[in-house]
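Asks: sequence-free structure coming up:
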């Protein structure tokens, strides 16, 4: 595997790892729902909605770079 291929695949994996941070926020949201804490529900939902596109756009960008590197390497 070339160094460039490793770099783009590692970058893709790091981008995916960033998305998994949503697990924590979802757990917090579930706790707020269980506690019927309307303010926390609204705040966490707003945070999830604000950050989701940023994380997924980053992953999509890294995926496209990795795809082009790996497929053009053949």
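Replies: Structure received. Computed from a prediction, not measured in an experiment: that's the story for all the values here.
Asks: any idea how far the most centrally placed residue in the chain is from residue 34?
Replies: In the chain, the residue lying closest to the centroid (C-alpha atoms, centre = their mean) is residue 19, at 2.1 Å. Going from residue 19 to residue 34 by C-beta to C-beta, to the nearest Å gives 24 Å. Bear in mind the C-beta positions are built from the backbone N, C-alpha and C, glycine included.
Asks: please apply the same query to residue 26.
Replies: Taken as C-beta to C-beta, the span from residue 26 to residue 34 is 13 Å.
Asks: and the two? which has more neighbours close in?
Replies: residue 26 (12 against 8; other C-beta atoms under 10 Å).
Asks: and the more buried one, which helix or strand is it part of?
Replies: helix 22-34 (DSSP states H and E).
Asks: which positions in that helix come out as buried?
Replies: Residues 22, 28-29, 32 are the ones in helix 22-34 that count as buried (16 or more other C-beta atoms under 10 Å).
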